[in-house]
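Trainee: Below are the sequence and a predicted model for it; my questions follow.
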Amino acid sequence: MIGLGVMGRNFLLNMADHGFKVIGFDKDNQKTSALESAATAGTTVKGVSSLQDMVNQLAVPRKIMMLVPAGKPVDDVIESLLPLVQKGDIIIDGGNSHFTDTLRRVTYLQAKGIHFMGMGVSGGEQGARTGPSIMPGGDQEAYPHVRPMLEAVAAKVDGVPCVAHLGKGAAGHYVKMVHNGIEYAIMQLICEAYDLLHRGAGLTNDELHTVFDIWNKGDLRSFLIEITADIFLQPDDKTPNRLVDMILDKAGAKGTGKWTSQDAMDLGVPIPTIDMAVAMRNLSALKAERVQASALYPQTTSLVGTPKEQFIQQVHDALLFATIICYAQGLAQLHRAGIDLDMQIPMPQVVSVWRGGCIIRSVLLPTFANAFKANPELSNLLLDAEVAKILNANATGTRAVAAMAIQHGIPAAALLSSLSYFDTYRNKQLPINLLQAQRDYFGAHTYQRIDQEGTFHTEWAKK
(Lines give C-alpha, C1' and ligand atoms only; values in the text may rest on other atoms or scores of the structure.)
Protein backbone atom coordinates (compact mmCIF):
# COMPACT_ATOMS: atom_id res chain seq x y z
CA MET A 1 0.00 0.00 0.00
CA ILE A 2 1.28 3.43 -0.98
CA GLY A 3 -0.18 6.10 1.29
CA LEU A 4 -0.70 5.30 4.96
CA GLY A 5 -3.32 7.85 5.83
CA VAL A 6 -6.37 6.69 7.76
CA MET A 7 -7.89 4.78 4.81
CA GLY A 8 -4.64 3.21 3.59
CA ARG A 9 -3.53 2.08 7.04
CA ASN A 10 -6.91 0.59 7.95
CA PHE A 11 -7.26 -1.19 4.61
CA LEU A 12 -3.85 -2.84 5.08
CA LEU A 13 -4.62 -3.86 8.67
CA ASN A 14 -7.89 -5.37 7.47
CA MET A 15 -5.97 -7.45 4.90
CA ALA A 16 -3.46 -8.57 7.53
CA ASP A 17 -6.28 -9.67 9.84
CA HIS A 18 -7.48 -11.96 7.03
CA GLY A 19 -4.13 -13.73 6.79
CA PHE A 20 -2.37 -11.73 4.07
CA LYS A 21 1.18 -10.47 4.46
CA VAL A 22 1.18 -6.72 3.83
CA ILE A 23 3.67 -3.91 3.50
CA GLY A 24 2.95 -0.19 3.49
CA PHE A 25 4.97 2.75 2.15
CA ASP A 26 4.85 6.32 3.33
CA LYS A 27 7.46 9.09 3.38
CA ASP A 28 6.35 9.90 6.92
CA ASN A 29 8.16 7.52 9.30
CA GLN A 30 5.58 8.21 11.99
CA LYS A 31 2.91 6.73 9.74
CA THR A 32 4.94 3.60 8.99
CA SER A 33 5.56 3.13 12.72
CA ALA A 34 1.87 3.69 13.46
CA LEU A 35 1.00 0.99 10.92
CA GLU A 36 3.21 -1.59 12.57
CA SER A 37 2.15 -0.72 16.10
CA ALA A 38 -1.54 -0.99 15.18
CA ALA A 39 -1.17 -4.49 13.72
CA THR A 40 -3.00 -7.37 15.38
CA ALA A 41 -0.67 -9.77 17.19
CA GLY A 42 0.42 -12.64 14.95
CA THR A 43 -0.14 -10.79 11.67
CA THR A 44 2.58 -9.83 9.19
CA VAL A 45 2.58 -6.05 8.76
CA LYS A 46 5.58 -3.95 7.76
CA GLY A 47 6.03 -0.23 7.15
CA VAL A 48 8.79 1.15 4.92
CA SER A 49 9.85 4.59 3.70
CA SER A 50 11.57 3.33 0.53
CA LEU A 51 9.61 2.33 -2.57
CA GLN A 52 12.52 0.18 -3.70
CA ASP A 53 12.46 -1.66 -0.38
CA MET A 54 8.71 -2.22 -0.68
CA VAL A 55 8.82 -3.48 -4.27
CA ASN A 56 11.77 -5.83 -3.56
CA GLN A 57 9.80 -7.62 -0.84
CA LEU A 58 6.72 -8.35 -2.95
CA ALA A 59 6.06 -11.67 -4.69
CA VAL A 60 5.52 -11.63 -8.48
CA PRO A 61 3.15 -10.58 -9.90
CA ARG A 62 3.42 -7.65 -7.51
CA LYS A 63 0.14 -6.22 -6.29
CA ILE A 64 0.53 -2.56 -5.36
CA MET A 65 -2.36 -0.39 -4.27
CA MET A 66 -2.30 3.35 -3.66
CA LEU A 67 -4.62 5.50 -1.60
CA VAL A 68 -3.39 9.01 -2.37
CA PRO A 69 -5.20 12.23 -3.40
CA ALA A 70 -6.63 12.24 -6.91
CA GLY A 71 -4.88 14.04 -9.75
CA LYS A 72 -1.15 14.65 -10.05
CA PRO A 73 -0.21 12.64 -6.93
CA VAL A 74 -1.47 9.46 -8.63
CA ASP A 75 0.60 10.16 -11.76
CA ASP A 76 3.64 10.94 -9.59
CA VAL A 77 3.35 7.60 -7.79
CA ILE A 78 3.02 5.74 -11.08
CA GLU A 79 6.14 7.39 -12.49
CA SER A 80 8.04 6.55 -9.28
CA LEU A 81 7.00 2.89 -9.57
CA LEU A 82 7.73 2.35 -13.26
CA PRO A 83 11.51 1.87 -12.89
CA LEU A 84 10.90 -0.63 -10.08
CA VAL A 85 8.14 -2.89 -11.41
CA GLN A 86 8.09 -5.36 -14.29
CA LYS A 87 5.66 -6.64 -16.90
CA GLY A 88 2.69 -8.42 -15.39
CA ASP A 89 2.71 -6.44 -12.14
CA ILE A 90 -0.56 -4.90 -10.96
CA ILE A 91 -1.08 -1.30 -9.82
CA ILE A 92 -4.39 -0.32 -8.24
CA ASP A 93 -5.66 3.21 -7.65
CA GLY A 94 -8.07 3.03 -4.71
CA GLY A 95 -8.71 6.79 -4.49
CA ASN A 96 -11.43 8.97 -5.99
CA SER A 97 -9.78 9.62 -9.35
CA HIS A 98 -11.84 11.01 -12.21
CA PHE A 99 -12.65 8.20 -14.61
CA THR A 100 -11.08 9.97 -17.59
CA ASP A 101 -7.74 10.04 -15.76
CA THR A 102 -8.12 6.33 -15.04
CA LEU A 103 -8.76 5.56 -18.71
CA ARG A 104 -5.62 7.47 -19.65
CA ARG A 105 -3.56 5.56 -17.09
CA VAL A 106 -4.95 2.19 -18.20
CA THR A 107 -3.82 2.89 -21.78
CA TYR A 108 -0.46 4.31 -20.72
CA LEU A 109 0.45 1.35 -18.51
CA GLN A 110 -1.00 -1.27 -20.82
CA ALA A 111 1.58 -0.26 -23.43
CA LYS A 112 4.28 -1.00 -20.83
CA GLY A 113 2.85 -4.41 -19.92
CA ILE A 114 1.63 -3.23 -16.50
CA HIS A 115 -1.92 -4.00 -15.34
CA PHE A 116 -3.77 -0.97 -13.96
CA MET A 117 -7.09 -1.02 -12.14
CA GLY A 118 -9.25 1.83 -10.88
CA MET A 119 -11.07 0.80 -7.73
CA GLY A 120 -13.68 2.63 -5.69
CA VAL A 121 -13.68 2.07 -1.92
CA SER A 122 -16.60 3.22 0.23
CA GLY A 123 -17.22 2.97 3.94
CA GLY A 124 -14.92 5.55 5.46
CA GLU A 125 -12.39 4.86 8.19
CA GLN A 126 -14.45 2.17 9.93
CA GLY A 127 -15.35 0.44 6.68
CA ALA A 128 -11.73 0.24 5.55
CA ARG A 129 -10.82 -1.44 8.84
CA THR A 130 -13.71 -3.87 9.22
CA GLY A 131 -15.20 -4.30 5.73
CA PRO A 132 -15.78 -1.72 2.99
CA SER A 133 -17.76 -1.87 -0.21
CA ILE A 134 -15.20 -2.32 -3.00
CA MET A 135 -15.78 -1.37 -6.64
CA PRO A 136 -12.94 -2.58 -8.91
CA GLY A 137 -13.04 -2.29 -12.66
CA GLY A 138 -10.80 -2.44 -15.67
CA ASP A 139 -8.16 -5.08 -16.33
CA GLN A 140 -10.00 -8.43 -16.24
CA GLU A 141 -6.71 -10.35 -16.59
CA ALA A 142 -5.43 -8.81 -13.34
CA TYR A 143 -8.62 -9.21 -11.32
CA PRO A 144 -8.23 -12.94 -10.48
CA HIS A 145 -4.88 -12.12 -8.82
CA VAL A 146 -6.46 -9.64 -6.40
CA ARG A 147 -9.95 -11.14 -6.09
CA PRO A 148 -9.18 -13.42 -3.09
CA MET A 149 -7.80 -10.50 -1.08
CA LEU A 150 -10.63 -8.14 -1.98
CA GLU A 151 -13.33 -10.71 -1.22
CA ALA A 152 -11.68 -11.45 2.13
CA VAL A 153 -11.58 -7.82 3.32
CA ALA A 154 -14.89 -6.61 1.83
CA ALA A 155 -18.09 -6.24 3.85
CA LYS A 156 -20.31 -9.33 3.80
CA VAL A 157 -24.09 -9.45 3.45
CA ASP A 158 -25.64 -12.87 3.94
CA GLY A 159 -22.13 -14.27 3.53
CA VAL A 160 -21.64 -12.63 0.11
CA PRO A 161 -18.67 -10.23 -0.23
CA CYS A 162 -19.58 -6.67 -1.27
CA VAL A 163 -17.08 -6.64 -4.13
CA ALA A 164 -17.33 -7.56 -7.81
CA HIS A 165 -15.61 -6.72 -11.08
CA LEU A 166 -17.78 -3.88 -12.36
CA GLY A 167 -16.80 -3.49 -15.97
CA LYS A 168 -14.24 -2.40 -18.52
CA GLY A 169 -11.78 0.49 -18.51
CA ALA A 170 -12.53 3.00 -15.76
CA ALA A 171 -15.78 1.35 -14.67
CA GLY A 172 -14.70 1.01 -11.04
CA HIS A 173 -14.05 4.70 -10.61
CA TYR A 174 -17.14 5.59 -12.65
CA VAL A 175 -19.36 3.50 -10.36
CA LYS A 176 -17.76 5.09 -7.28
CA MET A 177 -18.29 8.57 -8.77
CA VAL A 178 -22.02 7.92 -9.25
CA HIS A 179 -22.17 6.30 -5.80
CA ASN A 180 -20.92 9.60 -4.42
CA GLY A 181 -23.45 11.56 -6.46
CA ILE A 182 -26.26 9.47 -4.96
CA GLU A 183 -24.66 10.04 -1.55
CA TYR A 184 -24.81 13.82 -2.11
CA ALA A 185 -28.51 13.57 -2.97
CA ILE A 186 -29.53 11.38 -0.03
CA MET A 187 -27.65 13.62 2.41
CA GLN A 188 -29.40 16.69 1.00
CA LEU A 189 -32.80 15.00 1.26
CA ILE A 190 -32.15 14.05 4.88
CA CYS A 191 -31.16 17.66 5.63
CA GLU A 192 -34.39 18.90 4.07
CA ALA A 193 -36.41 16.40 6.14
CA TYR A 194 -34.58 17.65 9.24
CA ASP A 195 -35.37 21.29 8.36
CA LEU A 196 -39.04 20.52 7.76
CA LEU A 197 -39.36 18.70 11.07
CA HIS A 198 -37.25 21.16 13.06
CA ARG A 199 -38.46 24.49 11.72
CA GLY A 200 -41.76 23.32 10.28
CA ALA A 201 -42.99 21.15 13.15
CA GLY A 202 -40.83 22.44 16.01
CA LEU A 203 -39.19 19.11 16.87
CA THR A 204 -36.34 19.28 19.38
CA ASN A 205 -33.07 17.44 18.93
CA ASP A 206 -34.26 14.72 21.31
CA GLU A 207 -37.47 14.32 19.32
CA LEU A 208 -35.51 14.31 16.05
CA HIS A 209 -33.28 11.57 17.43
CA THR A 210 -36.33 9.50 18.32
CA VAL A 211 -37.90 9.99 14.87
CA PHE A 212 -34.77 9.07 12.94
CA ASP A 213 -34.08 6.14 15.27
CA ILE A 214 -37.58 4.79 14.59
CA TRP A 215 -37.14 5.36 10.85
CA ASN A 216 -33.91 3.39 10.98
CA LYS A 217 -35.88 0.36 12.15
CA GLY A 218 -38.20 0.42 9.14
CA ASP A 219 -38.21 0.97 5.37
CA LEU A 220 -35.76 3.89 5.63
CA ARG A 221 -33.11 1.83 7.45
CA SER A 222 -29.71 2.86 6.15
CA PHE A 223 -26.27 3.99 7.27
CA LEU A 224 -27.05 7.68 6.70
CA ILE A 225 -30.30 7.57 8.67
CA GLU A 226 -28.51 5.70 11.47
CA ILE A 227 -25.73 8.27 11.86
CA THR A 228 -28.23 11.14 11.59
CA ALA A 229 -30.09 9.79 14.62
CA ASP A 230 -26.79 9.69 16.53
CA ILE A 231 -25.82 13.24 15.51
CA PHE A 232 -28.82 14.81 17.25
CA LEU A 233 -27.65 13.51 20.65
CA GLN A 234 -24.00 14.63 20.39
CA PRO A 235 -23.23 17.32 23.02
CA ASP A 236 -20.96 20.26 22.20
CA ASP A 237 -17.80 20.26 24.31
CA LYS A 238 -17.55 24.07 24.22
CA THR A 239 -21.14 25.13 25.03
CA PRO A 240 -24.20 23.65 26.78
CA ASN A 241 -25.78 23.09 23.33
CA ARG A 242 -25.96 20.10 21.02
CA LEU A 243 -23.08 20.06 18.55
CA VAL A 244 -25.34 20.05 15.47
CA ASP A 245 -26.66 23.49 16.50
CA MET A 246 -23.14 24.93 16.68
CA ILE A 247 -21.94 23.80 13.23
CA LEU A 248 -21.80 26.46 10.50
CA ASP A 249 -24.29 25.83 7.66
CA LYS A 250 -21.65 25.95 4.94
CA ALA A 251 -20.92 22.68 3.13
CA GLY A 252 -17.66 21.30 1.87
CA ALA A 253 -17.24 19.07 -1.19
CA LYS A 254 -14.51 16.98 -2.81
CA GLY A 255 -15.88 17.26 -6.36
CA THR A 256 -17.25 13.79 -7.08
CA GLY A 257 -20.86 15.01 -6.94
CA LYS A 258 -20.03 17.73 -9.46
CA TRP A 259 -18.33 15.16 -11.71
CA THR A 260 -21.47 13.01 -11.58
CA SER A 261 -23.63 15.94 -12.71
CA GLN A 262 -21.20 17.01 -15.42
CA ASP A 263 -20.94 13.56 -16.97
CA ALA A 264 -24.69 13.00 -16.78
CA MET A 265 -25.08 16.18 -18.84
CA ASP A 266 -22.59 14.82 -21.37
CA LEU A 267 -24.49 11.53 -21.58
CA GLY A 268 -27.88 13.24 -21.78
CA VAL A 269 -29.13 11.48 -18.63
CA PRO A 270 -31.38 13.61 -16.37
CA ILE A 271 -30.36 13.43 -12.69
CA PRO A 272 -32.00 16.60 -11.29
CA THR A 273 -32.02 15.47 -7.63
CA ILE A 274 -28.26 14.89 -7.70
CA ASP A 275 -27.76 18.14 -9.64
CA MET A 276 -29.76 20.03 -7.02
CA ALA A 277 -27.80 18.46 -4.17
CA VAL A 278 -24.60 19.79 -5.75
CA ALA A 279 -26.19 23.21 -6.28
CA MET A 280 -27.41 23.38 -2.67
CA ARG A 281 -23.87 22.81 -1.38
CA ASN A 282 -22.75 25.65 -3.62
CA LEU A 283 -25.58 27.86 -2.36
CA SER A 284 -24.68 27.04 1.24
CA ALA A 285 -21.16 28.30 0.60
CA LEU A 286 -22.61 31.78 -0.12
CA LYS A 287 -23.12 32.32 3.61
CA ALA A 288 -22.34 36.06 3.65
CA GLU A 289 -24.69 36.70 0.71
CA ARG A 290 -27.44 34.63 2.32
CA VAL A 291 -27.19 36.64 5.52
CA GLN A 292 -27.43 39.84 3.48
CA ALA A 293 -30.40 38.53 1.49
CA SER A 294 -32.26 37.48 4.65
CA ALA A 295 -32.50 41.16 5.61
CA LEU A 296 -33.91 42.10 2.19
CA TYR A 297 -36.43 39.28 2.11
CA PRO A 298 -37.62 38.80 5.71
CA GLN A 299 -39.82 35.83 6.48
CA THR A 300 -41.78 34.68 9.45
CA THR A 301 -41.78 30.89 9.62
CA SER A 302 -44.84 29.56 11.42
CA LEU A 303 -45.30 25.94 12.42
CA VAL A 304 -47.21 23.78 9.99
CA GLY A 305 -50.87 23.30 10.83
CA THR A 306 -50.80 19.53 10.28
CA PRO A 307 -50.85 17.48 13.51
CA LYS A 308 -47.29 16.60 14.47
CA GLU A 309 -47.53 12.81 14.16
CA GLN A 310 -49.29 13.09 10.81
CA PHE A 311 -46.64 15.49 9.50
CA ILE A 312 -43.80 13.23 10.68
CA GLN A 313 -45.37 10.37 8.71
CA GLN A 314 -45.71 12.57 5.63
CA VAL A 315 -42.05 13.62 5.85
CA HIS A 316 -41.13 9.94 6.19
CA ASP A 317 -43.09 9.18 3.03
CA ALA A 318 -41.48 12.07 1.17
CA LEU A 319 -37.97 11.06 2.22
CA LEU A 320 -38.55 7.44 1.17
CA PHE A 321 -40.06 8.55 -2.16
CA ALA A 322 -37.26 10.98 -3.00
CA THR A 323 -34.51 8.59 -1.88
CA ILE A 324 -35.76 5.98 -4.35
CA ILE A 325 -35.83 8.65 -7.06
CA CYS A 326 -32.19 9.63 -6.51
CA TYR A 327 -31.08 5.99 -6.62
CA ALA A 328 -33.07 5.60 -9.84
CA GLN A 329 -31.34 8.61 -11.39
CA GLY A 330 -27.83 7.43 -10.48
CA LEU A 331 -28.45 3.87 -11.63
CA ALA A 332 -29.92 5.16 -14.90
CA GLN A 333 -26.68 7.05 -15.44
CA LEU A 334 -24.64 3.90 -14.81
CA HIS A 335 -26.82 1.94 -17.23
CA ARG A 336 -26.27 4.54 -19.95
CA ALA A 337 -22.53 4.85 -19.26
CA GLY A 338 -22.17 1.09 -19.50
CA ILE A 339 -23.48 1.28 -23.05
CA ASP A 340 -22.36 4.67 -24.40
CA LEU A 341 -18.88 4.57 -22.85
CA ASP A 342 -18.51 0.82 -23.48
CA MET A 343 -17.82 0.10 -19.82
CA GLN A 344 -20.18 -2.90 -19.79
CA ILE A 345 -21.24 -2.21 -16.20
CA PRO A 346 -23.15 -5.19 -14.72
CA MET A 347 -26.06 -3.50 -12.95
CA PRO A 348 -27.10 -6.42 -10.68
CA GLN A 349 -23.56 -6.61 -9.32
CA VAL A 350 -23.39 -2.85 -8.70
CA VAL A 351 -26.47 -2.92 -6.50
CA SER A 352 -25.23 -6.06 -4.72
CA VAL A 353 -21.86 -4.43 -3.94
CA TRP A 354 -23.63 -1.43 -2.39
CA ARG A 355 -25.69 -3.56 0.03
CA GLY A 356 -23.00 -3.51 2.73
CA GLY A 357 -19.99 -1.50 3.86
CA CYS A 358 -20.67 1.64 1.84
CA ILE A 359 -22.10 5.02 2.79
CA ILE A 360 -25.27 4.53 0.71
CA ARG A 361 -26.08 1.04 1.99
CA SER A 362 -29.80 0.78 2.59
CA VAL A 363 -32.61 -1.67 3.22
CA LEU A 364 -33.94 -0.57 -0.19
CA LEU A 365 -31.08 -2.15 -2.13
CA PRO A 366 -32.39 -5.75 -2.13
CA THR A 367 -35.54 -4.43 -3.87
CA PHE A 368 -33.37 -2.77 -6.48
CA ALA A 369 -31.25 -5.91 -6.81
CA ASN A 370 -34.38 -7.95 -7.52
CA ALA A 371 -35.38 -5.45 -10.21
CA PHE A 372 -32.05 -5.83 -12.01
CA LYS A 373 -31.98 -9.60 -11.55
CA ALA A 374 -35.37 -9.76 -13.24
CA ASN A 375 -34.16 -7.44 -16.01
CA PRO A 376 -30.39 -6.77 -16.17
CA GLU A 377 -31.04 -4.32 -19.02
CA LEU A 378 -33.50 -2.23 -17.00
CA SER A 379 -32.89 1.38 -18.05
CA ASN A 380 -34.62 2.97 -15.05
CA LEU A 381 -35.85 1.63 -11.70
CA LEU A 382 -39.10 3.53 -12.19
CA LEU A 383 -40.02 0.94 -14.83
CA ASP A 384 -39.98 -1.87 -12.24
CA ALA A 385 -43.41 -2.88 -10.93
CA GLU A 386 -42.31 -3.37 -7.29
CA VAL A 387 -40.57 0.01 -7.20
CA ALA A 388 -43.68 1.57 -8.73
CA LYS A 389 -45.79 0.18 -5.87
CA ILE A 390 -43.58 1.87 -3.28
CA LEU A 391 -43.57 5.20 -5.12
CA ASN A 392 -47.34 5.18 -5.65
CA ALA A 393 -47.90 4.37 -1.98
CA ASN A 394 -45.80 7.35 -0.84
CA ALA A 395 -46.70 9.95 -3.47
CA THR A 396 -49.57 11.54 -1.52
CA GLY A 397 -47.44 12.25 1.55
CA THR A 398 -44.69 13.59 -0.70
CA ARG A 399 -47.04 16.08 -2.35
CA ALA A 400 -48.37 17.22 1.03
CA VAL A 401 -44.83 17.89 2.29
CA ALA A 402 -43.83 19.64 -0.95
CA ALA A 403 -46.84 21.96 -0.68
CA MET A 404 -46.10 22.64 2.99
CA ALA A 405 -42.46 23.49 2.23
CA ILE A 406 -43.50 25.97 -0.46
CA GLN A 407 -46.21 27.57 1.68
CA HIS A 408 -43.86 28.07 4.65
CA GLY A 409 -40.79 29.14 2.67
CA ILE A 410 -38.68 26.18 3.82
CA PRO A 411 -36.22 25.27 1.04
CA ALA A 412 -36.65 21.68 -0.14
CA ALA A 413 -35.04 21.83 -3.56
CA ALA A 414 -33.95 18.18 -3.77
CA LEU A 415 -37.37 16.93 -2.67
CA LEU A 416 -39.15 19.18 -5.18
CA SER A 417 -36.74 18.11 -7.93
CA SER A 418 -37.47 14.45 -7.15
CA LEU A 419 -41.21 15.03 -7.40
CA SER A 420 -40.89 16.97 -10.67
CA TYR A 421 -38.67 14.23 -12.12
CA PHE A 422 -41.28 11.63 -11.17
CA ASP A 423 -44.14 13.62 -12.66
CA THR A 424 -42.20 14.27 -15.85
CA TYR A 425 -41.02 10.68 -16.28
CA ARG A 426 -44.52 9.24 -15.80
CA ASN A 427 -46.24 11.77 -18.10
CA LYS A 428 -46.67 10.45 -21.63
CA GLN A 429 -47.47 13.93 -22.95
CA LEU A 430 -45.16 16.86 -22.17
CA PRO A 431 -45.45 20.49 -23.38
CA ILE A 432 -42.21 20.09 -25.34
CA ASN A 433 -44.19 20.20 -28.60
CA LEU A 434 -44.36 23.97 -28.01
CA LEU A 435 -40.62 24.11 -27.28
CA GLN A 436 -39.89 22.35 -30.58
CA ALA A 437 -42.15 24.82 -32.37
CA GLN A 438 -40.23 27.71 -30.77
CA ARG A 439 -36.87 26.22 -31.82
CA ASP A 440 -38.06 25.80 -35.38
CA TYR A 441 -39.55 29.32 -35.42
CA PHE A 442 -36.38 31.18 -34.42
CA GLY A 443 -33.68 28.79 -35.58
CA ALA A 444 -35.11 26.43 -38.20
CA HIS A 445 -34.12 23.53 -35.95
CA THR A 446 -36.93 21.32 -37.39
CA TYR A 447 -39.38 19.08 -35.57
CA GLN A 448 -41.04 15.69 -35.87
CA ARG A 449 -44.78 15.04 -36.21
CA ILE A 450 -47.08 12.69 -34.30
CA ASP A 451 -48.89 11.51 -37.43
CA GLN A 452 -46.07 10.69 -39.87
CA GLU A 453 -42.37 9.85 -40.00
CA GLY A 454 -39.74 12.37 -41.00
CA THR A 455 -38.25 15.73 -40.07
CA PHE A 456 -40.12 18.95 -40.84
CA HIS A 457 -39.57 22.70 -40.98
CA THR A 458 -42.22 25.42 -41.25
CA GLU A 459 -41.97 29.03 -42.41
CA TRP A 460 -43.84 30.40 -39.43
CA ALA A 461 -46.31 33.23 -40.07
CA LYS A 462 -45.37 36.42 -38.22
CA LYS A 463 -48.30 38.48 -36.89
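Mentor: Everything's here; your move. Residues are numbered from 1 along each chain as shown.
Trainee: ok, Pro272 touching Gln329?
Mentor: Yes. Contact criterion Cβ atoms under 8 Å: Pro272 and Gln329 qualify, at 7.4 Å. C-beta: built from backbone N, CA, C; applies to glycine.
Trainee: distance of Phe372 from Leu365?
Mentor: 10 Å (Cβ to Cβ, to the nearest Å).
Trainee: Oops, could you answer that again for Ser50 instead?
Mentor: Using Cβ to Cβ, Ser50 is found at 43 Å from Leu365.
Trainee: residues touching the closest residue to Ile390 other than its chain neighbours, list them.
Mentor: Leaving aside its chain neighbours, Ile390 sits nearest to Ile324 (6.3 Å; criterion: Cβ to Cβ, 6 or more residues apart in numbering). By Cβ atoms under 8 Å, 6 or more residues apart in numbering, the contact set of Ile324 is Leu364, Leu381, Val387, Ile390, Leu391.
Trainee: hey, what's in contact with both of Pro272 and Gln329?
Mentor: Common contacts of Pro272 and Gln329, defined by Cβ under 8 Å, 6+ apart, comprise Tyr421.
Trainee: more crowded one of these two?
Mentor: Neighbours were counted for Pro272 and for Gln329 using other Cβ atoms under 10 Å; Gln329 has more, 29 against 22.
Trainee: In three-state terms, how would the more buried one be classified?
Mentor: Under the three-state scheme (DSSP: H, G, I helix; E, B strand; the rest coil), Gln329 adopts helix.
Trainee: what sits up against the helix or strand of the chain with the lowest mean pLDDT?
Mentor: Ranked by mean pLDDT, DSSP states H and E, the weakest helix or strand in the chain is helix 124-130, scoring a mean of 88. The contact list for helix 124-130, computed with Cβ under 8 Å, 6+ apart, reads Val6, Met7, Asn10, Phe11, Leu13, Asn14, Val121, Ser133, Ala155, Gly357, Cys358, Ile359.
Trainee: Just the ones of the contacts of Ile324 in strands?
Mentor: Among the contacts of Ile324, no residue falls in strands (DSSP state E).
Trainee: before we move on, the earlier item: Ser50 and Leu365: who's more crowded?
Mentor: A count of neighbours by other Cβ under 10 Å puts Leu365 above the other of Ser50 and Leu365, at 21 against 10.
Trainee: ok, that one - contacts?
Mentor: By Cβ under 8 Å, 6+ apart, the neighbours of Leu365 are Val351, Ser352, Trp354, Arg355.
Trainee: same question, Thr398
Mentor: Here Thr398 is in contact with Gln314, Asp317, Ala318, Phe321, Ala322, Leu415, Ser418, Leu419 (Cβ under 8 Å, 6+ apart).
Trainee: Switch the residues you listed over to a markdown table; also include distance to Glu125 and secondary structure.
Mentor: Output for the contacts of Thr398, formatted as a markdown table (distance: Cβ to Cβ, whole Å; DSSP: H, G, I helix; E, B strand; the rest coil):
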| residue | distance to Glu125 | secondary structure |
| --- | --- | --- |
| Gln314 | 36 | helix |
| Asp317 | 33 | helix |
| Ala318 | 32 | helix |
| Phe321 | 32 | helix |
| Ala322 | 28 | helix |
| Leu415 | 30 | helix |
| Ser418 | 30 | helix |
| Leu419 | 35 | helix |
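Trainee: I'd assumed Ala16 was in contact with Met1.
Mentor: No. Checked against Cβ under 8 Å, the pair Met1 and Ala16 is beyond contact range at 10.6 Å.
Trainee: so what's in contact with the two at the same time?
Mentor: Shared contacts of Met1 and Ala16, counting by Cβ under 8 Å, 6+ apart, come down to Val22.
Trainee: where do the helices sit along the stretch 101-250 of the chain?
Mentor: Using DSSP state H, counting those that start in this stretch, the helices of the stretch 101-250 of the chain run over 124-130, 143-153, 171-195, 205-215, 223-231.
Trainee: An error on my part: the question was meant for the stretch 301-450 of the chain.
Mentor: Going by DSSP H, counting those that start in this stretch, the stretch 301-450 of the chain shows helices at 308-340, 347-353, 365-374, 385-408, 413-425, 432-443.
Trainee: okay, now the nearest residue to Lys176 once chain neighbours are set aside: neighbour count?
Mentor: Distances taken as Cβ to Cβ, 6+ apart put Gly120 closest to Lys176, at 2.4 Å, once the chain neighbours are dropped. Counted with other Cβ under 10 Å, the neighbours of Gly120 add up to 29.
Trainee: Same check on the one 5 residues further on?
Mentor: Here the count is done by other Cβ under 10 Å, and Glu125 has 13 residues near it.
Trainee: for the one 10 residues further on, same thing?
Mentor: The tally of other residues near Met135 (other Cβ under 10 Å) stands at 31.
Trainee: Could you find the closest non-adjacent residue to it?
Mentor: Met135's closest residue in space is Gly120 (Cβ to Cβ, 6+ apart), at 3.5 Å.
Trainee: So for stretch 145-154, mean pLDDT?
Mentor: For stretch 145-154, the mean per-residue pLDDT is 95.
Trainee: so Trp354 touches Asn180, yeah?
Mentor: No. In this structure Trp354 lies outside contact range of Asn180 using Cβ under 8 Å: 11.8 Å.
Trainee: hang on, the earlier thing: export the helices of the stretch 101-250 of the chain to TSV and tack on distance to Arg242?
Mentor: As requested, the helices of the stretch 101-250 of the chain are arranged in TSV below (distance: least, Cβ to Cβ, whole Å):
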stretch	distance to Arg242
helix 124-130	22
helix 143-153	36
helix 171-195	13
helix 205-215	5
helix 223-231	9
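Trainee: Among these, single out whichever gets nearest to Ile92.
Mentor: helix 143-153 (6.9 Å; Cβ to Cβ).
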